[in-house]
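Colleague: Here is the input, now give the coordinates:
(one chain, ligands or ions: 1)
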Amino acid sequence: MSEKTIFQKIIDREIPAPLVYEDDLVAAFHDIAPQAPIHVLIVPKKLIPRVGEATLEDQATLGALLLAAGKIAEKLGVKDRSTEGFRLVINHGKNAGETVPHLHVHLLAGRPLDWPPG
Ligand code: AMP
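Modeller: Down below sits the predicted model:
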């Protein structure tokens, strides 16, 4: 069996990291190198290496990632669209800057975010 990803070790509580959110399908924790005042990673408990490798079987998990994002934004006080707001990012592969081969959604908030992104 292949080595667990760093995110799997966090989900399995082998590496300590306070969870911002957890349900049956996903867990979320703060990014270790935040790119905004709020930078949370939302991760499926099932290992899906990257979004382009998800299958129909993963449909509920993919939905759970986005539903969790809304709940986390509300919990962290950045859901109000007129005063705050947030951005979700998923990196797939080399050109996108993927570094951890375990699907994760970045939730960035707490400052104005440039568009287009770098
Ligand atoms: P990506 O470049 O999309 O694969 O994002 C991976 C993210 O994981 C980066 O933003 C890293 O800062 C973050 N990261 C790596 N190791 C940890 C860790 N132990 N705890 C929290 N975040 C981490």
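Colleague: For the rest of this, base every contact and every neighbour count on C-alpha atoms.
Modeller: Will do.
Colleague: report the longest helix in this structure, please.
Modeller: helix 59-75 (DSSP state H).
Colleague: Next to the ligand, which bits of the chain? Give me the list.
Modeller: Proximity of the chain to the ligand, by Cα under 6 Å from any ligand atom, involves residues His30, Asp31, Ile32, Ala33, Asn91, Gly97, Glu98, Thr99, Val100.
Colleague: host element of the closest residue to the first one other than its chain neighbours?
Modeller: Spelled out, it's His30. The shortest distance from His30 to any non-neighbouring residue, by Cα to Cα, 6 or more residues apart in numbering, is to Val40 (4.4 Å). Assigned by DSSP states H and E, Val40 falls within strand 38-44.
Colleague: how about that strand: buried residues?
Modeller: Ile38, His39, Val40, Leu41, Ile42, Val43, Pro44 (16 or more other Cα atoms under 10 Å).
Colleague: Quick check: of the residues you listed, which lies closest to the ligand?
Modeller: The closest of the buried residues of strand 38-44 to the ligand turns out to be Leu41 (Cα to the nearest ligand atom; 7.1 Å).
Colleague: Please spell out the segments of this protein that come in under the pLDDT threshold.
Modeller: Applying pLDDT under 70 to the chain flags residues 1.
Colleague: about what we covered before: which other helices and strands does the strand holding Val40 contact?
Modeller: Judged by 3 or more Cα pairs under 8 Å, 6 or more residues apart in numbering; DSSP states H and E, strand 38-44 is in contact with strand 26-30, helix 59-75, strand 105-109.
Colleague: picking that back up, just the buried residues from the residues of the chain next to the ligand, in ChimeraX please.
Modeller: Buried residues within those, by 16+ other Cα under 10 Å, are selected in ChimeraX with:
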select :30,31,91
